[in-house]
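Engineer: Okay, here's the prediction I keep looking at, along with the sequence it came from:
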Amino acid sequence: MSAPSRPRARRLGAAATLTAVSTATLVVAGAPAIADQSATPLTGAQLAAVDQLTATGLDRVEATRRVLAQDDQTEVADRLTARLSSRAVGAYIDQGSGGLVVNLTDRAAESEVRRAGAKARTVQRGMDELRRAKAALDRAGERATAAASWYIDIPSNQVVLQVPESHGGVTDLLRTAERLGDAVRVESSAGTPTTQSGDLYGGQQIEFTSNGHSYVCSVGFNATDSAGNEVMVTAGHCAEGVSRFTRNGTHLGDVKDYSFPGNDYAYSTLDTDNWNPKAAVWRYNGTAVSVSGHSKASVGSTVCKSGRTTNWTCGEIKAHDVTVRYKMPDNSFVTVSGLTQHDACSEGGDSGGSAIAGTSAQGVNSGGQGYEVDTNGDGKPDKAVCGEKVGEPNVSYYQPIGEVLSAYNLTLTTS
């Protein structure tokens, strides 16, 4: 087991809490119109992704090239990893060069990877070994009494286990990691994974009541069911024990089904007498980005998320198939698997909203790492904020949209 390490970030002494992020794609009269994209080859989401990359020091020409290349790189990655089967151990976009890298256990496949325009990289562990290591952590994690997360990290060819700095409540996870040796890298974090149904605010959001208390989440993507009826997709923990959603006090829809924990997705009917669903994601700047379809963008791709609390933020996809042990508001713990981790800012109340790469839907927000801070000056933490606001890493998760659509036989509403 590798020595526990902190993610590289300046710590300001804030305690962290992992929470979910989201936004509404439901657009009504007076809401933002779809941005006019005829004057530029870049969509609104792509322009935001370019801005994200230029903030890291890239010049705008190179940042634009990388953003425009992402869809093709994802297609090449999917094709190569499918054809090479067990000889391939995932693919990712290298943030240093912007190029696609395919991990291999068989050097004989290197020429095929290079012919496809990607870089071949020989690694020690195959995907089956990594999956077995993650499955062992899955079993040990069910006994955890503290928040944690674990996933297969394609770039490092390891499984990453993120645990609290104190290491309390995760003894079985740490013992399992030690037994698995270098296949697992342990990272210590000040963060505590929790779901994020925040206080009731105005803005693009959905409201609901649970156990006599009012909460907010965000709409994810609009869709239709097998009978052609309009529906809305959001996070499962937003629908747990809830019968109906409202927006601005007006009936939005009735919960049809949800899955949480294990998964974190739900869908509801959509009251079309009151609402006009659009195939778009609100950017919180007076425009919205069209949704053309859905995909599974590669690790290293730029993804943007929209939510009622943190609005429109962008970051990098870090890993797929992430398992998270969330801490709930009642101090219990639940596990959600199959999530995608990224580093866009997210905070409470964003749960259920949209994650999008370019114009391709990626998922609905499940959770993110929030850091408790004192905002009213009384010396007591009263709000959880995303990492960048306290000099810590951003850690957020979304449930892949393809799984949600498949589970409920839904069709994504597209432009």
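Structural biologist: Everything's here; your move.
Engineer: Mind listing the strands the strand or helix carrying Q162 pairs with, and their directions?
Structural biologist: In the assignment (DSSP states H and E), Q162 maps to strand 158-164. Using DSSP bridges, the strands paired with strand 158-164 are strand 148-153 (antiparallel), strand 184-189 (parallel).
Engineer: Just the buried residues of the last one, please?
Structural biologist: This means strand 184-189. By neighbour count on 16 or more other Cβ atoms under 10 Å, the buried set for strand 184-189 is V184, R185, V186, E187, S188, S189. (C-beta placed from N, C-alpha, C; glycine too.)
Engineer: same thing with stretch 319-329?
Structural biologist: Neighbour-count burial for stretch 319-329 flags A319, H320, D321, V322, T323, V324, R325, Y326, K327 (criterion: 16+ other Cβ under 10 Å).
Engineer: how distant is it from the center of its chain?
Structural biologist: The chain centroid and the centroid of stretch 319-329 are separated by 10 Å under Cα atoms, centre = their mean, to the nearest Å.
Engineer: what does stretch 212-219 give?
Structural biologist: With Cα atoms, centre = their mean, you get 20 Å for stretch 212-219.
Engineer: buried sites along that stretch?
Structural biologist: Y215, V216, C217, S218, V219.
Engineer: what do you get for stretch 262-272?
Structural biologist: Within stretch 262-272, the residues that count as buried by 16+ other Cβ under 10 Å are N263, D264, Y265, A266, Y267, S268, T269, L270, D271.
Engineer: Averaged pLDDT, it. What do you get?
Structural biologist: Taken as a whole, stretch 262-272 has a mean pLDDT of 94.
Engineer: Next, the distance between the ends of that stretch.
Structural biologist: Distance between the two ends of stretch 262-272: 31 Å, counting by Cα to Cα, to the nearest Å.
Engineer: Same question for stretch 205-214.
Structural biologist: Stretch 205-214 has its terminal residues 13 Å apart, counting by Cα to Cα.
Engineer: in that stretch, what's buried?
Structural biologist: Neighbour counts over stretch 205-214 (16+ other Cβ under 10 Å) mark Q205, I206, E207, F208 as buried.
Engineer: can you list those in JSON lines and add pLDDT?
Structural biologist: Compiled in JSON lines, those are given as follows (pLDDT from 0 to 100):
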{"residue": "Q205", "pLDDT": "84"}
{"residue": "I206", "pLDDT": "92"}
{"residue": "E207", "pLDDT": "91"}
{"residue": "F208", "pLDDT": "90"}
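Engineer: mind listing the helices in the stretch 151-300 of the chain by residue range?
Structural biologist: Ranges of helices within the stretch 151-300 of the chain are 171-180, based on DSSP state H, counting those that start in this stretch.
Engineer: Where does pLDDT dip in it?
Structural biologist: Along the stretch 151-300 of the chain, the model assigns pLDDT under 70 to residues 194-204, 286.
Engineer: show me what contacts the closest residue to R283 other than its chain neighbours?
Structural biologist: Spatial nearest neighbour of R283, chain neighbours left out: W312 (4.7 Å); criterion: Cβ to Cβ, 6 or more residues apart in numbering. For W312, the contact set (Cβ atoms under 8 Å, 6 or more residues apart in numbering) comprises T23, A48, W282, R283, Y284, N285, C304, K305, S306.
Engineer: Can you tell me how far the fourth one is from K305?
Structural biologist: To tie it back to what came earlier, the one meant is R283. For R283, the distance to K305 equals 11 Å [Cβ to Cβ, to the nearest Å].
Engineer: More neighbours: which of these two?
Structural biologist: Shown here are R283 and K305; by other Cβ atoms under 10 Å, K305 has more neighbours (31 against 20).
Engineer: Run through the bridge partners of the more buried one.
Structural biologist: With DSSP bridges as the rule, K305 is bridged to T313, A355.
Engineer: Can you mark which positions in stretch 59-67 are buried?
Structural biologist: A63, T64, R66, V67.
Engineer: Please list the members of those residues that lie in helices.
Structural biologist: Those of the buried residues of stretch 59-67 mapping onto helices are A63, T64, R66, V67, per DSSP state H.
Engineer: thinking again about what came up before, could you check the angle the strand holding Q162 makes with helix 171-180?
Structural biologist: Between the axes of strand 158-164 and helix 171-180, defined by axes from the mean of the first three to the mean of the last three Cα atoms, to 10 degrees, the angle is 150 degrees.
Engineer: Centre of the chain to strand 158-164, how far?
Structural biologist: Distance of strand 158-164 from the chain centroid (Cα atoms, centre = their mean) equals 17 Å.
Engineer: And Y92, its phi and psi?
Structural biologist: Backbone torsions for Y92, taken as degrees, to the nearest 10, come to phi -160, psi 160.
Engineer: can you check the one 4 residues further on too?
Structural biologist: Dihedral angles phi and psi of G96 (degrees, to the nearest 10) take the values phi -80, psi -50.
Engineer: would you say D330 is within a helix?
Structural biologist: No. Under DSSP: H, G, I helix; E, B strand; the rest coil, D330 sits outside any helix and is assigned coil.
Engineer: how near is it to S210?
Structural biologist: Separation of D330 from S210 (Cβ to Cβ) stands at 12 Å.
Engineer: just checking, what packs against the host helix or strand of R83?
Structural biologist: In this structure, R83 sits in helix 60-84 according to DSSP H and E. When contacts are defined as 3 or more Cβ pairs under 8 Å, 6 or more residues apart in numbering; DSSP states H and E, helix 60-84 packs onto helix 44-54, strand 88-93, strand 100-104, helix 110-115.
Engineer: So which of these is nearest R143?
Structural biologist: Among the helices and strands packed on helix 60-84, strand 88-93 comes nearest to R143, with 28.4 Å by Cβ to Cβ.
Engineer: Averaged pLDDT, stretch 399-415. What do you get?
Structural biologist: What stretch 399-415 shows for mean pLDDT is 96.
Engineer: and if you look at stretch 330-337?
Structural biologist: Stretch 330-337 comes out at a mean pLDDT of 92.
Engineer: One more: stretch 80-94?
Structural biologist: 96.
Engineer: Adjust the sequence numbering to begin at 416 for everything that follows.
Structural biologist: Got it, first residue is 416 now, which makes that one stretch 495-509.
Engineer: Mind listing what's buried along it?
Structural biologist: Buried residues in stretch 495-509, counted by 16+ other Cβ under 10 Å: L495, T496, L499, R502, A503, V504, G505, A506, Y507, I508.
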